[in-house]
Structure formats: C-alpha cells, structure tokens
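> structure for this input, please:
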Amino acid sequence: MSNTDNSVVLVDAYPSSYALAEAFLEQGCAVVRVQSTQDVPRCYQGDFDTRAFSDNIIHRGSLSETVAAVAEHRPVAVIAAGEYGVELADALSEELAVPTNGRLLSPARRNKFLMTETLRAAGLRAARQKLVEDEQTLIDWHREIGGRVVVKPLRSAANDGVTICDTPEESAAALRGILTATTVFSETNTAAVVQEYLVGGEYVVDTVSRDGRHRATDVWKYSKMTVPGVRDRITGGHLIPGDAPVRQAVVDYAHDVLDALGIRHGPAHLEIIVTDEGPCLVEVGARIAGANTPYYAELGAGESQIGWTVQAYLHPERFLAEHRHPYRLQQHVSVSWPTAPQQGKLVSYPLLEVVRGMESFNNTEIFVHPGDSLVRTVDDSTKTMAVGFAHPSAEVVERDFNAICYLDGPGFYDVEQPE
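Below is the predicted model of the structure:
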C-alpha cells in the first residue's frame, strides 16, 4: 500500500488517458489502475506500460472483491479514465463513499437511447428516436418521420457503426451491419438506436464537475465534409474563444445535460449540435476527452480538463472558487484529421513536409506509418494522423487549416496497391 497522503483510482486508464495519470503522479499521488474487463477491449489493445501505477487491479466480475482490493489503497477519488469504465467507476466510488455520480443513472450515461430519453424527461431539447431490434421496426419508423436519420450502436464510441441514412433501405442495411458486429469495446450488439438527423454546426464541450458545479474547460467546433461514400466526416476541430457568442448557449445547455444525467463529479465530454431550435445533444461520455484534446486545449488556453480534474478532486475549495471564470485564448488552435480516400500499403506522406513548413504548424500525431496498411478513413478508428496548428492570429490558423484540406486527397498518400 502506498505511503503517500492521497491515492487516486483510474478505471480503464489506457494510453489515450495516461496524461491524467501523470498529472496525479506529479501531485505526489499514488495512482491505482483498475481494469474493468478481464480481457482488454479491441480499441485498447496494444502495448501499455503499467509500472507507474501503484497497483493494477483486474475486475473479474465480483464488485465486492474489487471494492475490497481498491479499499486497501484508501482512495480519495475514483475516476473513469475511459468510456467503458464509467459504470464500474460509478459503482466503486459509491461503495467507497468518495465523490460519486452514483449508480442510479449509470445506464443513461452509457446507453445512447436511455441518455436521450433522460434528457427528454428532464424537459431538455432531445432528438426524436426509436430503439430498434429488427429491420421492420426501423423501416416503419424511418418512413413515419421521413428524411435523413442516424443509426448507431447503443454502447460504443469513436463513431463506431454510426451511419447516416437517407432511405429506409439504407437504415435496414446499417442495422444489419451493427447487429452482426461487435463494438470497439468487444461487446455484442443486440439492438441499435435510430435518431432524427440534426442539422446544424456540431460543438464539443469538455467539462469538469465538483459537487454539481460545472466548469467548461474547452469548447470546440467541428469541420465536416461529405463526399461519395463518406458522410459528415469530421475533418477538424477549432478551439472556440471564451467570449464567442455561441459559446454561452452551448455551455449552458451542456451544464443542463450534466445535471439531467447526474454527472456531479469529474470530467465529461459532450457533443452538441446547434439546430435552428437550439442546442441538442448528440451524446455525452462521463470521462475525459480522447483524441489528445487536453494537449490542444492547453496549447490554446493554457488549461485543460486534466488540470481541472486534478483540482476538483485534490483541491475542491479552489475549484469551487474559480470554476466560473471562462478560459481565455492565448493563441488560436485548430486540429486537422486528414481523410485517406484509398487503401493499400502506405509508402509515404509525400506532402507532409509542406504541411510542417506552414506558419502555424505545431505538431503531428501519426497513427498510420509508412509500411503499415492504409484503409479509407470513415471514422475515428481509421484516422491516419492528427495535425495541430497554433498561432496568435486566427486568420493564419484558418489559412493553414484550409491549406491542408486542399492538399489532403490521393496525392497526400503514396500507396502501393495490392497485386
């Protein structure tokens, strides 16, 4: 058992959220890792060094056994570090009587159908939707509401299985694909949710909460594109200034969503579309944002979910005194996620040095390296890279972001086609 004053438990800490563990370690905390599944889910598989954790506890299905193992460390906090760990984090924190969101609304924080119905019951703007297990039910509902709909798994992430459909026949095909597949968390799909297609700009609100008081740590607006075979592909994110007119309406709605879902403690990641009728939730994750978002938030505003999460749990009085002050941009930041239009063996990125020479270029994160197999980019799990841009001038960042959008295409990828 650790001799440090504070022990913190992170449920499902994997490389995508390791920066949160590092932040607590830097504060002198012992960090305990709890893995919510015996087998590592598909989306998390790969090398991961757990030596920095004071313990690595594998949950084997018995809550009482896991509670007993965690209790030995006398934690001051139990935090979901990954989407799949939300429910176990709720259960452990409630059992250990540390700050908790509780188990009552845990299903609504993971199940996308229950999530939306919970908002509707609270009187918030919520998408029209239907829980579907068979094609005929889906076809009938699509014909009833007409227009474009979105079909998606109930309990997945990273845009896994999310399909935009214009016809009932497309919806039925999307459902077949979902029901014959497993999620990125290696769960079997037994049903799906179909929702109305929301028209408007999509925003991300990342938050941290303590005792039901919420802090919007960073707000982003997505860029999207639609081309044959790929609809509403997210091509980039842009950090919104703290005083932007649309920001307050989106943040106010996000805070109402957190209240409706019982998220009183810890980080959350909300995706919201601003329609003509006002903001409407796409979905929320009761955990820290992925895609290295805290790095880019820190780059632009000098703060992120990570620092605010540490403060919320270790220094709650400071959090409660400071959480209302909006962040201020130190520089403008955009992130580009290029979209590969082809597949094959990647030889090189011939234009990458052009991108690296741009005035606001900051960094690249390469997910598909030369020599790897390249697939067409259709969702978050098939991204090739992320490119960050940062500069005091918004115009310079916008110019360079538009430039990489221009360069992105077949000429951006040197691909060896299979014989």
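
> for Glu283, see how far away Arg264 is.
When distance is defined by C-beta to C-beta, to the nearest Å, Arg264 is 19 Å away from Glu283. Backbone N, C-alpha and C define where each C-beta goes, glycine included.

> just give the nearest non-adjacent residue to Met205, would you?
Let me fix one detail, which is that residue 205 is Val and not Met. Closest residue to Val205 apart from its sequence neighbours, by C-beta to C-beta, 6 or more residues apart in numbering: Ala254 at 4.1 Å.

> quick one: strands adjacent to the longest strand along the chain?
The residue-count maximum for a strand in the chain (DSSP state E) belongs to strand 213-227. With DSSP bridges as the test, strand 213-227 is paired with strand 201-210 (antiparallel), strand 230-239 (antiparallel).

> check the ones you listed for me and report the most buried one.
Most buried of the strands paired with strand 213-227, by mean neighbour count (mean count of other C-beta atoms under 10 Å): strand 201-210, with a mean of 23.

> and it, average pLDDT?
For strand 201-210, the mean pLDDT works out to 98.

> from the chain's centre, how far out does that strand sit?
10 Å (C-alpha atoms, centre = their mean, to the nearest Å).

> what do you get for stretch 27-44?
Mean-position distance between stretch 27-44 and its chain equals 17 Å (C-alpha atoms, centre = their mean).

> next SSE downstream of the longest helix seen in the chain?
Longest helix in the chain, counting residues (DSSP state H): helix 245-260. Next helix or strand after helix 245-260 toward the C-terminus (DSSP states H and E): strand 266-275.

> what is the burial count for Val415?
18 (other C-beta atoms under 10 Å).

> just give the closest residue to it, not the sequence neighbours.
Gly344 (4.0 Å).

> count the neighbours of the one you found for me.
15.

> just the pLDDT for it.
96.

> tell me the contacts of it?
By C-beta atoms under 8 Å, 6 or more residues apart in numbering, the contact set of Gly344 is Ser373, Leu374, Val415, Glu416, Gln417, Pro418.

> now do the domain split for the protein, please.
7-103, 128-196, 199-330, 332-419 (automatic domain parsing).

> for the first one, the distance to its chain's centre please.
Going back to what we said before, that points to domain 7-103. 18 Å.

> quick check: mean pLDDT across it?
Computed over domain 7-103, the mean pLDDT rounds to 95.

> just the second one next, same as before
Within the predicted structure, the mean pLDDT of domain 128-196 is 95.

> distance between the ends of it?
From its first residue to its last, domain 128-196 covers 6 Å (C-alpha to C-alpha, to the nearest Å).

> got it, and stretch 359-375?
Length of stretch 359-375, first residue to last, C-alpha to C-alpha: 30 Å.

> got a list of contacts for it?
Stretch 359-375 is contacted by residues 292, 299, 333, 340, 342-349, 352, 355-356, 382-391, 393, 396-397, 399-400, 413, 415 when judged by C-beta under 8 Å, 6+ apart.

> quick one: buried ones out of those residues?
Neighbour counting with 16 or more other C-beta atoms under 10 Å marks 299, 333, 340, 343, 346, 349, 352, 355, 382-391, 396-397, 400, 413, 415 as buried within those.

> narrow those residues to those in strands?
Val333, Leu346, Met385, Ala386, Val387, Gly388, Phe389, Ala390, His391, Val415.

> please look at the fourth one and Ala291 and confirm they touch.
Yes - A contact is recorded between Ala386 and Ala291 when judged using C-beta atoms under 8 Å, the distance being 7.1 Å.
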